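*Asks:* Based on what follows, work out the 3D shape:
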Amino acid sequence: MKTHRLFPLWLWCCLLPFFANAQSELFDFGFTRDLNVPVFYVSDTLSQPWSGGMNSVFFSSIDINQDNIRDLVAFEKHGNRILPFVWQNGRHRYAPQYAHCFPALHDWAIFKDYDGDGKSDIFTYGLAGIRIFHNTATSSLSFDLVTDQLPAWYYNGYVNLYASPDDYLVVDDIDGDGLTDVLNFWVLGKYVHYLRNYADAPGHFDMRLEESCWGHFSEADDNNTITLFTDCSDKSGDEPLRHTGSSMLRVDVDGDGIHDLLVGDVDSPHLIYLHNGGSDVDAHMDMQDTLFPANAPVVLYSMPAPAQVLFPGQSHPSLIISPSDPSLIKSQDWQSVWRYDYDTLLHQYTLVQKDFLQGEMIDVGSGCRPVLYDWDGDGLTDLFLANYGQFDSARVVNGFLVSDFSSSIQYYHNEGSATQPAFRLADTDFGHLRALNLQALHPTFGDLTGDGLADMLCGNKEGSLILVPHQRLTTGSGDIETHYLNIATDGFSTPQLFDLDGDGRNDLLIGNRRGLISYHRNIGTCGMTDFEHITDTLGQVDVRDFDESYFGHSVPCFYRDPLLGTVLFCGCESGHVRYYTHIDGNLDGTFTLAEHSLAETVEGRPVRLREGIRTGVAIGMLDGDELPDLLVGNYAGGVAYFAGSERMPHGTRVPDIGQADVQVFPNPTTGLVHCSPILPEERIHTLEIHDLSGRPLLHTSGDSIDLSALADGLYILVINHQFRLKIIKQ
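*Replies:* Sure thing, here's the model as predicted:
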């Protein structure tokens with residue numbers, strides 16, 4: 001139930017001292033995810049509009065809600081998001097409340113039951129290797145970290161079982177002994193390695209290199225060409241250099257009882273089917289099909305990764321295929337989740353759809369940025385969704401894949417009511433800007449031409465500003481100004497028109513790739529707009545997280561709250577939504593970072609928003625309850641809707657320390673290193689120091705560790721057995 005702010009002014013004044021004292025105890029705002037706000041896409045009603053979009057996803061089966069029915073979990077590579085889908089009433093329903101039950105995962109994730117207890121465990125990328133989480137669910141879903149690096153015997157001894165962050169390897173029982181084995185490409189190899197598990201019982205691992213050229217085939221150094229019947233003469237470990245990035249799935253394609261192999265490769269849109277003419281253990285690939293399946297070949301840029309999923313009621317698993325290229329600017333980002341069902345009569349896979357689950361949600365391509373504005377003046381706030389771009393085509397230039405994206409803005413008209421918003425897609429290319437072939441358009445609205453009508457000002461990847469006058473927006477005619485007032489940033493400009501200084505005129509605030517915010521004060525008169533550049537470091541806001549990226553991609557959304565005054569919600573590269581206060585009367589000073597990562601309320605407790613990377617944020621009154629509602633876009637092209645709700649106490653936050661949520665100092669260090677969580681209610685339990693190969697060197701309980709005994713150099717600090725930071729000892 002929502003609480004209302006409809007209090008008389010005198011009562012607010014009486015309560016202000018109370019709220020001032022309570023700021024350290026309660027969040028300033030409360031937000032609860034709302035999946036029920038209707039969205040109409042042309043004539044269809046999207047069944048799951050606020051699921052957050054999909055670009056590059058890998059699906060696995062798991063019982064999420066402990067009802068003994070296999071549900072579906074999707075791992076989104078472009079943002080390391082977990083999307084849980086629970087099987088209900090004959091279909092998969094998005095269930096984001098379970099996302100916080102999963103550990104932090106990155107690069108790739110494969111769910112596989114390794115101990116035979118019927119529950120899917122997690123294999124994911126660790127430190128140049130494989131991390132494993134054991135499924136410990138009883139009445140609710142939970143996981144425990146088993147190992148940070150899985151060792152294996154290679155040639156002369158045990159070392160880390162290598163895994164690339166850019167590959168999808170095979171985790172499966174290859175030899176049928178009930179133990180989990182691994183197929184992967186070696187560091188610089190072009191052959192597939194078979195790592196056999198020699199443990200005494202399921203649930204344990206004793207990995208050893210069984211075959212250094214499993215399948216007797218090789219992959220070319222610089223493309224996806226497969227050579228069959230290789231003699232595998234080089235088994236020394238010094239295999240020829242090949243490019244990084246391959247996906248594999250072990251599957252019986254032709255129904256002969258022997259598992260074949262499907263292989264995808266970086267920069268290629270196709271899956272290659274390798275027929276196994278040998279056995280599961282002693283595999284010999286004797287035929288290849290570069291256009292699989294024959295009746296409807298996969299064409300997905302780039303590096304399609306196949307997953308096998310058995311849906312409830314099916315007798316044969318389906319294939320779900322999506323791109324897995326690590327690059328954010330190569331992959332197809334719409335109709336990028338292809339589902340194939342198996343035809344048992346024809347013994348072949350048949351294409352069912354190209355937008356599995358994706359077609360049920362808002363998905364604008366890559367990089368969704370929501371903006372709220374009442375465009376038609378009917379008193380209801382409309383929704384605009386801009387993107388980095390949508391995949392158009394791909395080509396090879398000098399041996400490298402180059403993909404083309406063009407940005408556009410979608411306009412969703414709010415045809416609901418003052419208490420219940422409902423959005424209908426009215427225009428897929430608002431302002432007709434897609435023809436400009438720009439990337440990363442970001443709109444804001446206001447009268448910039450002095451005619452009393454709203455114009456649109458857009459930032460873009462190049463950093464300039466584009467003025468689209470009202471006439472062009474309404475009639476399609478009229479010129480646009482591509483370098484408005486010659487105002488520009490160093491890239492990815494994200495403007496907002498907002499009266500920051502309270503003088504009744506909209507000022508111009510611009511986020512950028514560096515993660516900062518520039519301030520241009522409106523000094524115009526008589527209805528004419530004129531901006532004076534004040535600073536490029538407004539409030540000393542800097543949303544960069546150097547453990548994740550050198551860039552910040554700040555997306556500012558200033559908001560004036562009737563109680564709190566002006567506050568700032570800021571999207572960023574790392575995927576958090578930063579929240580700043582102490583802005584009014586402090587435009588020359590430093591804003592207060594009140595929330596490093598904004599929280600949502602899940603089952604009565606606040607937890608951090610996990611919406612992927614490059615978040616965009618919009619906030620406004622949408623349902624008439626006087627509590628602001630929040631929309632958060634992400635790089636996968638979707639948007640999440642959060643209704644304003646009761647404020648929650650800070651002390652009830654679920655502990656969830658991530659790399660960006662802890663301060664480590666000093667770094668570099670001559671010896672002692674201290675770690676401090678940003679939020680006081682969170683705890684650091686253990687610290688470890690590893691070398692760059694992943695070998696543990698030091699371990700301690702508590703929040704400090706001494707590196708004095710170690711030689712100078714670069715090390716990895718592991719916090720609470722989960723999160724890693726680079727530490728320099730000097």
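
*Asks:* Where does pLDDT dip in the stretch 401-550 of the chain?
*Replies:* Residues of the stretch 401-550 of the chain meeting the criterion pLDDT under 70: none.

*Asks:* Now do the helices in it.
*Replies:* 470-475 (DSSP state H, counting those that start in this stretch).

*Asks:* swap in the chain?
*Replies:* In the chain, the helices defined using DSSP state H lie at 9-22, 470-475.

*Asks:* any idea which of the ones you listed scores lowest on pLDDT?
*Replies:* Ranked by mean pLDDT, these bottom out at helix 9-22, which scores a mean of 36.

*Asks:* Tell me the pLDDT of Tyr114.
*Replies:* pLDDT, read off for Tyr114, is 97.

*Asks:* Skipping adjacent residues, who's closest to it in space?
*Replies:* Thr180 (4.2 Å; C-beta to C-beta, 6 or more residues apart in numbering). Every C-beta, even on glycine, is put in place using the N, C-alpha and C of the backbone.

*Asks:* Kindly report the same for Gly264.
*Replies:* For Gly264, the spatially nearest residue (C-beta to C-beta, 6+ apart) is Ser247, at 3.9 Å.

*Asks:* quick one: low-confidence parts of the stretch 101-250 of the chain?
*Replies:* Ranges of the stretch 101-250 of the chain meeting pLDDT under 70: 188-189, 233-244.

*Asks:* if I pick Val192, what's in contact with it?
*Replies:* Leu183, Asn184, Phe185, Cys213, Trp214, Gly215, Phe217, Met248 (C-beta atoms under 8 Å, 6 or more residues apart in numbering).

*Asks:* Kindly report the same for His674.
*Replies:* Counted by C-beta under 8 Å, 6+ apart, His674 has contacts Val664, Phe665, Asp703, Ser704.

*Asks:* What residues are bridge-paired with the second one?
*Replies:* The residues listed as beta-bridge partners of Phe665 by DSSP bridges are His674.

*Asks:* The last one now?
*Replies:* Beta bridges link Ser704 to His674 when assigned by DSSP bridges.

*Asks:* can you count the residues close to Ser504?
*Replies:* Just to correct that, residue 504 is Gly rather than Ser. 7 (other C-beta atoms under 10 Å).

*Asks:* mind listing the strands in the stretch 51-200 of the chain by residue range?
*Replies:* Using DSSP state E, counting those that start in this stretch, the strands found in the stretch 51-200 of the chain span residues 57-62, 71-76, 81-88, 91-94, 109-112, 121-125, 130-135, 143-147, 151-154, 157-160, 170-172, 181-185, 192-197.

*Asks:* now the third one, how far from the centre of its chain.
*Replies:* In other words, strand 81-88. 15 Å (C-alpha atoms, centre = their mean, to the nearest Å).

*Asks:* contact partners of it?
*Replies:* So strand 81-88 is contacted by 51-52, 54, 57, 64-65, 69-76, 92-96, 98-99, 102, 105, 109, 312, 357, 610-612, 634, 636 (C-beta under 8 Å, 6+ apart).

*Asks:* Present the contacts of Val192 as CSV; the columns should include distance to Asp501 and neighbour count.
*Replies:* Shown next, in CSV, are those (distance: C-beta to C-beta, whole Å; neighbours: other C-beta atoms under 10 Å):
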residue, distance to Asp501, neighbour count
Leu183, 62, 21
Asn184, 58, 24
Phe185, 58, 23
Cys213, 69, 21
Trp214, 67, 24
Gly215, 68, 26
Phe217, 67, 24
Met248, 58, 20
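
*Asks:* mind listing what Tyr519 touches?
*Replies:* Tyr519 neighbours (C-beta under 8 Å, 6+ apart): Leu500, Asp507, Leu508, Leu509, His533, Ile534, Thr535, Asp536, Leu538, Leu587.

*Asks:* Counting neighbours, which of those end up buried?
*Replies:* With burial judged by 16 or more other C-beta atoms under 10 Å, the buried subset of the contacts of Tyr519 is Leu500, Asp507, Leu508, Leu509, Ile534, Leu538, Leu587.

*Asks:* my read: Glu210 touches Leu183, true?
*Replies:* No: Glu210 is not in contact with Leu183 according to C-beta atoms under 8 Å; the separation is 10.2 Å.

*Asks:* In contact with Leu497, which residues?
*Replies:* Thr444, Phe445, Gly446, Leu448, Leu457, Asn506, Asp507, Leu508.

*Asks:* Now the residue nearest to the spatial centre of the chain: closest residue in space that isn't a chain neighbour?
*Replies:* The C-alpha lying nearest the average C-alpha coordinate of the chain belongs to Gly79 (C-alpha atoms, centre = their mean; 1.9 Å). Distance criterion C-beta to C-beta, 6+ apart; nearest residue to Gly79, sequence neighbours excluded, is Gly612 at 2.7 Å.

*Asks:* In contact with that neighbour: list those residues for me.
*Replies:* Gly52, Glu76, His78, Gly79, Asn80, Arg81, Gly575, Asn634, Tyr635, Ala636.

*Asks:* Most neighbours among those residues, which one?
*Replies:* Ala636 (33 neighbours).

*Asks:* shouldn't that one be in contact with Ala74?
*Replies:* No: at 10.2 Å, Ala636 does not count as touching Ala74 under the criterion of C-beta under 8 Å.

*Asks:* Now do the shared contacts for these two.
*Replies:* What both Ala636 and Ala74 touch, as defined by C-beta under 8 Å, 6+ apart, is the set Met54.
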